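Q: Attaching a predicted model along with its sequence, questions to come.
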Amino acid sequence: MDTREVRQGEELDKEKLEEYLKQNFPSYPDGPFDIRQFGAGHSNLTYELKSGEWEAVLRRPPKGPVAQKAHDMEREYKVIDAVHPFFPLAPAPMDFENGDLLGKPFFIMERKHGVVYDTEWPEGVTPSVELARNISREMVDRLVELHDIDYTKTPIKNMVKPEGFMGRQVEGWIRRFDKAHTPDSEEGKELKRWLLDHIPDNEESTIIHYDYKLNNAMFSKDEPDRMIGLFDWEMTTVGDPLADVGAAMSYWIEADDPEDLKQGLGKPPLTTEEGFYTRKEFMERYAEKSGRDLRHMDFYLAFAYFKLAGIVQQIYYRYQKGQTDDPRFRHMNHFVNRLIKQASVQAGLEMKSKGE
């Protein structure tokens with residue numbers, strides 16, 4: 001996974017952090033200490049910490065005020081601590097710090113090494129249709145594997161309330177979206193009513209990652225179609241597994257998707273290239289491997305696009321309020337509008353884009 005120099009304004013207090021590492025990690029060596037930043041992502045900030053052969057990853061919230069219950073580092077740390085023994089693709093947790101040291105809570109986890117497929121093929125990987133299909137299959141099968149874990153036998157059971165999950169999700173994301181709404185974004189009134197009226201009656205509950213996408217997975221350098229890591233467990237909970245599938249599909253962009261959907265977060269992901277599963281193929285394999293009935297996927301997909309619109313709108317709201325100056329966020333309202341339209345189409349609703 002590529003790192004870069006730390007972005008201006010997102011620096012860590014190097015002296016304090018090094019002293020903390022020396023005090024809390026017996027294996028931490030003397031010698032030069034280096035901090036680099038992982039460049040991907042639009043939410044939490046993630047850094048590589050390295051001294052000699054010792055290395056780890058630090059994860060912390062973004063600058064400025066954050067939405068209530070968002071960017072909960074302690075909860076994410078507890079999640080990976082609970083999940084890792086049952087699903088080793090989750091990085092091993094190392095330590096949590098409550099915020100006194102750097103002004104924001106953070107946690108430390110293991111540094112995994114491999115390749116991440118995002119918008120371009122990584123150096124050293126030879127692209128092929130066969131590899132794209134194998135990567136797609138691996139993405140499906142590992143999601144099924146995660147959903148097959150009996151959560152009642154893991155510590156995560158003490159952190160969750162599965163009953164009424166989808167109802168809380170729909171109502172909660174409507175509230176979050178409305179709270180972060182700006183006049184240049186769609187309101188999605190009809191869509192919100194439709195979602196509230198069509199919540200499926202599915203009582204199955206499993207561990208769900210809820211941010212399952214290609215660039216949150218890491219694959220082996222030697223076996224480029226074998227997943228070796230899965231990151232960003234901030235949204236993980238126990239709930240309807242089909243909500244997880246829907247969320248995954250909201251990120252799984254296809255070659256024939258509208259241009260403003262494909263480029264909403266920048267350059268289109270590799271899933272638009274030949275050989276990668278379509279969303280239909282992904283869901284068909286998931287149904288086959290899991291044995292689950294996907295007849296109500298229109299709801300889950302519509303909600304997933306709306307939820308993603310809410311996430312992007314929160315980011316855009318922070319930019320509009322001057323809580324971040326990251327130029328990537330300047331025009332994110334356009335992507336919010338596309339996602340609301342995409343959700344409405346999935347729900348079978350007609351709508352005009354804002355300004356039409």
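A: All right, it came through fine.
Q: what's the neighbour count on residue 98?
A: Counted with other Cβ atoms under 10 Å, the neighbours of residue 98 add up to 10. Backbone N, C-alpha and C define where each C-beta goes, glycine included.
Q: Now do the same contact list for the closest residue to it other than its chain neighbours.
A: Leaving out its chain neighbours, the residue that sits closest to residue 98 by Cβ to Cβ, 6 or more residues apart in numbering is residue 105, at 5.4 Å. Neighbour list for residue 105: 60-61, 73-74, 96-99 [criterion: Cβ atoms under 8 Å, 6 or more residues apart in numbering].
Q: So residue 117 sits against residue 132, correct?
A: No. Between residue 117 and residue 132 no contact is recorded; they are 9.2 Å apart, counting by Cβ atoms under 8 Å.
Q: And the next helix or strand past the lengthiest helix in the chain?
A: Identified as the longest helix of the chain according to DSSP state H is helix 297-320. Using DSSP states H and E, the helix or strand that follows helix 297-320 in sequence is helix 332-346.
Q: for that next one, packing partners?
A: In terms of contacts (3 or more Cβ pairs under 8 Å, 6 or more residues apart in numbering; DSSP states H and E), helix 332-346 is packed against helix 189-197, helix 259-262, helix 297-320.
Q: For these, give me JSON lines that also has distance to residue 181.
A: As requested, those are exported to JSON lines (distance: least, Cβ to Cβ, whole Å):
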{"stretch": "helix 189-197", "distance to residue 181": "11"}
{"stretch": "helix 259-262", "distance to residue 181": "20"}
{"stretch": "helix 297-320", "distance to residue 181": "7"}
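Q: Could you single out the most deeply buried of the ones you listed?
A: Most buried of the helices and strands packed on helix 332-346, by mean neighbour count (mean count of other Cβ atoms under 10 Å): helix 297-320, with a mean of 23.
Q: Common neighbours of residue 117 and residue 132, please.
A: With Cβ under 8 Å, 6+ apart, residue 117 and residue 132 have common neighbours residue 270.
Q: between the two, which one's more packed in?
A: In this view residue 117 and residue 132 are compared by other Cβ under 10 Å, and residue 117 has more residues nearby, 24 against 20.
Q: That one: helix or strand, and which one exactly?
A: Short version, using DSSP H and E: residue 117 is in no helix or strand.
Q: How about the contacts made by it?
A: 135, 214-215, 217, 219, 269-270.
Q: follow-up on the earlier one: helices or strands up against the longest helix of the chain?
A: Helices and strands touching helix 297-320, by 3+ Cβ pairs under 8 Å, 6+ apart, are helix 165-179, helix 189-197, helix 241-251, helix 332-346.
Q: which ones are touching the closest residue to residue 136 other than its chain neighbours?
A: Distances taken as Cβ to Cβ, 6+ apart place residue 277 nearest to residue 136, at 3.8 Å, with adjacent residues excluded. By Cβ under 8 Å, 6+ apart, the residues touching residue 277 are 133, 136-137, 139-140, 252, 271, 285.
Q: Going by distance to residue 310, which of the residues you listed wins?
A: residue 252 (18.5 Å; Cβ to Cβ).
Q: so which of the helices and strands packed on helix 297-320 gets nearest residue 22?
A: Across those, residue 22 has its closest neighbour in helix 241-251 (39.2 Å, Cβ to Cβ).
Q: Contacts for that closest one, please.
A: Here helix 241-251 has contacts from 139, 143, 147, 165-166, 169, 200, 202, 204-206, 208-214, 269, 279, 282-283, 286, 290, 292, 294, 296-297, 300-301, 303-305, 307-308, 339, using Cβ under 8 Å, 6+ apart.
Q: mind redoing it with 7 Å?
A: Helix 241-251 has contacts (Cβ atoms under 7 Å, 6 or more residues apart in numbering) with 143, 147, 166, 169, 202, 204, 206, 208-213, 279, 282-283, 286, 292, 294, 297, 300-301, 303-305, 307-308.
Q: How much space separates the residue nearest to residue 136 from residue 192?
A: Counting by Cβ to Cβ, to the nearest Å, the gap from residue 277 to residue 192 is 30 Å.
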